[in-house]
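Participant: Fold the following.
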Amino acid sequence: MNRLTLSFDQVNFAFEEGPQVAKNWSLSIPSGTTSLVGRNGTGKSTFLLLAAGRLFPQSGQVRWGSHATSELTPEEIQVTASVVYQNMEFENEDSLATLLETVWSSSQDQSRGPSWISELVRVFELEECLGRRIQVLSKGQMQRAIIVFSLLFGTPIVVMDEPVFALEGRQKATALDYLRTYAQESGRTFLFSVHELELSQRFSEHLILMAPGRPPKLGPTKEMFTRENLEEAYQTPLELLKKGEELFRSHLMNN
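Facilitator: Take a look at the predicted model:
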């Protein structure tokens, strides 16, 4: 029930009065964890939103199993794919503990039982946050809580745009390792982008390379993660790319 094929079939997309972002994108994404890698402006966020049914192609189809996302109702989309955006914020008067129970009560898959909440709270280090309203949490706490919400809600597909940007290094590794293991065990599809190439290399089973002027290229991470592929995608020497990552992380944490 949880395993669902996600595929792009000759997808074309452009924002209104903007350049074409997707041109004949065709690929089939396996279950498990798949990361997107590429420079800014190559369409990573657009790819994620198309995959999650939050955007629809002007031509071609994004398909979940036998269904095109454009043929589904908003309710069907919401219970099939969840989205974790970068730097999400929202306000609610309930405590985090209450919100976790609320999300769990509407979960699409309760096979793991209510004790899973306690496990997720422990793994994502949210014990001290349970009595607080979510809007008073730090950036890192907020982001960890939102990842937990996406897991508890239990959709077959979860897409995440820079989900661990505000986490400490140890927490990033813990979070992505947990997501990878859970995706393998449950048959779910987790599709994510992270700015740090090391995290993509360590915690994704498959990799999608996004390069200017060409369709996305998909393959096993072990095969795709090469100097040649990365330098082609980023059009930058690998040594300069690593320095750029350090500057980007510093910018995110200070904003």
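
Participant: Pull up the gap between the nearest residue to residue 220 once chain neighbours are set aside and residue 32, please.
Facilitator: Distances taken as CB to CB, 6 or more residues apart in numbering place residue 206 nearest to residue 220, at 5.9 Å, with adjacent residues excluded. All C-beta spots, glycine's among them, are computed from the backbone N, C-alpha and C. Distance of residue 206 to residue 32, computed by CB to CB, to the nearest Å: 7 Å.

Participant: And residue 228, by the same measure?
Facilitator: On the measure of CB to CB, residue 228 and residue 32 end up 25 Å apart.

Participant: what does residue 137 give?
Facilitator: For residue 137, the distance to residue 32 - CB to CB - is 30 Å.

Participant: Quick one: end-to-end distance for stretch 209-219.
Facilitator: Length of stretch 209-219, first residue to last, CA to CA, to the nearest Å: 9 Å.

Participant: who does the residue nearest to residue 220 bridge with?
Facilitator: With DSSP bridges as the criterion, residue 206 is bridged to residue 34, residue 220.

Participant: Show the contacting residues for it.
Facilitator: When contacts are counted by CB atoms under 8 Å, 6 or more residues apart in numbering, residue 206 touches 29-30, 32-35, 218-221, 224.

Participant: Which stretches in this protein count as strands?
Facilitator: Taking DSSP state E as the criterion, the chain carries its strands at 6-14, 20-29, 32-38, 59-64, 67-68, 81-84, 157-161, 189-193, 206-210, 217-220.

Participant: Buried residues in the second one, which are they?
Facilitator: With burial defined by 16 or more other CB atoms under 10 Å, the residues of strand 20-29 counted as buried are 21-22, 25, 27, 29.

Participant: relative orientation of that strand and strand 32-38 in degrees?
Facilitator: 150 degrees (axes from the mean of the first three to the mean of the last three CA atoms, to 10 degrees).

Participant: strands paired with strand 20-29, and their directions?
Facilitator: Neighbouring strands of strand 20-29 in its sheet, by DSSP bridges, are strand 6-14 (antiparallel).

Participant: Same question for the shortest one.
Facilitator: Strand 67-68 pairs in its sheet with strand 59-64 (antiparallel), by DSSP bridges.

Participant: Good, wrapping up.
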